[in-house]
Structure formats: structure tokens, C-alpha cells
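Asks: Here's my sequence, what's the structure:
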Amino acid sequence: MTVIVNTGSTLTVTNVSSLAISGSGDLNMGPGSDVNFSAGAHIKDGAGNILFSADGSTGQRMSTPFLSVPMVPNWAGGGIRNAGDGIGEYLITASNVTAETELWKGIIPQALHPNIAMRCVIGRASGATSTPTYRFYVNGTLVDTFSTATFSVFDTGQLDIFNNGATVFGTGPVGVSFTIQASVTSADQLVCTCVGVFMCGH
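Replies: Modelled structure (predicted):
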């Protein structure tokens with residue numbers, strides 16, 4: 001069976017659980033055509049795994065797949081902590097970062113997701129004087145800040161980058177920055193390891 005929808009017309013299928021194309025059939029769309037997704041709509045593979053989905057909260061922008069944002073260290077002179085268990089962390093002396101200092105930076109090639117998230121290792125590796133404060137920026141806009149002297153793994157959770165004015169959909173490249181600032185000068189060794197940054201949605 002062939003269904004032809006003329007220029008300027010609309011084909012609407014209602015109350016149908018699925019639309020199947022059997023055999024080796026194709027879905028062909030002409031130049032300028034669109035597929036519009038409602039909130040949480042997705043594309044699955046043959047096993048039912050979600051390959052792509054629109055954001056579940058608004059139906060706008062991408063939710064999955066999550067995409068990694070490449071980050072690189074932006075300083076020299078920091079040490080590497082290795083306690084013999086095969087895990088090393090980036091360290092910097094508190095006296096070198098009494099002013100806010102960018103230690104990691106990266107680029108979002110194109111902003112297609114509504115949120116961003118980061119996992120990092122933070123706190124104090126040695127000493128008992130300085131407490132580090134960390135700040136996470138997107139396009140120069142502060143999206144999260146946290147402070148602790150406890151050596152720990154920290155997840156920011158999903159942070160909105162559109163409603164806070166950090167950027168707009170489709171913009172790119174967009175800069176990402178992770179900074180540290182010591183509360184007071186000392187010889188304490190502060191940890192600042194960016195484990196990963198990724199774009200994500202609901």
C-alpha cells in the first residue's frame with residue numbers, strides 16, 4: 001500500500017500504539033521535512049533499548065544519549081596524589097590558589113541538552129588549615145559552587161544551563177570552566193580532579 005500526502009497536507013494517525021514498516025521498507029522524507037517529538041518520545045533499537053529521546057520535562061532539546069564534554073587540566077606545578085592503591089588525584093598547594101583559579105577547562109561543541117553535570121574529586125589531601133571552594137561555569141555563568149575540606153567524590157547532579165542564561169539551544173562552541181579557591185594561604189594540599197563532564201536531559 002502506498003500513502004501519498006500532497007504538499008501542504010498533514011497525515012495524522014490517532015489511537016494507534018505503533019506504526020510498523022515491514023520487510024525492508026524505508027521511511028523517506030523530502031528536503032526540509034521534520035520529525036517532531038513530544039516530551040519523552042524516543043527512538044529504540046530492535047531490542048527495545050532507547051537510542052535517542054527528547055527531553056522528558058519539556059519535549060524540547062535532547063535527553064539521551066548523554067554526551068561527554070572533553071576537559072583538560074589548565075595549570076602546571078600541581079602534584080599527583082597516589083596512596084599506593086593505583087588511584088591518583090590532581091593536587092595544588094593552597095598558597096597558590098588564594099585567588100580563584102581555573103584548573104580545568106573544556107568546550108561544549110554545540111549545546112543540544114538542557115542540562116550539564118560533573119563528577120569530581122575534591123577536598124583536602126593533607127594539612128588542616130585551608131578549605132577549598134570550587135566553582136563550575138558554563139559560558140562564564142556560574143552554574144554550581146561547593147566547598148569542603150573532606151577528601152571525597154562529588155557529583156553536581158543535573159544543572160540547568162538554559163533557564164539560568166548560561167547559553168541557548170544550538171549555540172557552540174561553549175566554554176566550560178572548573179575553578180578552585182583556598183579560604184586562606186597555607187601549605188595544605190588541595191584536591192581538584194575533574195573526573196568527567198557530560199551533557200544530559202530528563
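Asks: list the contacts for the residue lying closest to Gln110 once chain neighbours are set aside?
Replies: Leaving aside its sequence neighbours, Gln110 sits nearest to Gly172 (Cβ to Cβ, 6 or more residues apart in numbering; 3.5 Å). Every residue, glycine included, has its C-beta placed from N, CA and C. By Cβ atoms under 8 Å, 6 or more residues apart in numbering, the residues touching Gly172 are 108-111.
Asks: Doesn't Gly172 belong to a helix?
Replies: No - using DSSP: H, G, I helix; E, B strand; the rest coil, the secondary structure at Gly172 is coil, not a helix.
Asks: picking up where we left off before, can I get the buried part of the contacts of Gly172 as one ChimeraX selection?
Replies: A single ChimeraX command selects the buried members of the contacts of Gly172 (16 or more other Cβ atoms under 10 Å):
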select :108,111
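Asks: about what we covered before: and the residue nearest to Gln110, how close does it get to Ile108?
Replies: 6 Å (Cβ to Cβ, to the nearest Å).
Asks: do the same with Gly127
Replies: Taking Cβ to Cβ, one finds Gly127 at 35 Å from Ile108.
Asks: rewinding a little: ok, the contacts of Gly172 vs Gly123, which is closest?
Replies: Within these, the smallest distance to Gly123 is 26.8 Å, found for Ile108 (Cβ to Cβ).
Asks: which one is that closest one nearest to, not counting chain neighbours?
Replies: Of all residues not flanking Ile108 in the chain, Val174 sits nearest, at 4.2 Å (Cβ to Cβ, 6+ apart).
Asks: residues contacting that neighbour?
Replies: 107-108, 110-111, 138-139, 166-167.
Asks: Give me the below-cutoff pLDDT ranges for the protein.
Replies: Along the chain, the model assigns pLDDT under 70 to residues 1-3, 5-9, 13-19, 22-24, 34, 39-40, 56, 58-60, 76-78, 81-87.
Asks: go with 80
Replies: 1-64, 75-88, 202 (pLDDT under 80).
Asks: Can you pull the domain assignment for it?
Replies: Following automatic domain parsing, the chain resolves into domains at 1-60, 67-200.
Asks: on that earlier part again, could you list which of the contacts of Val174 belong to strands?
Replies: 107-108, 138 (DSSP state E).
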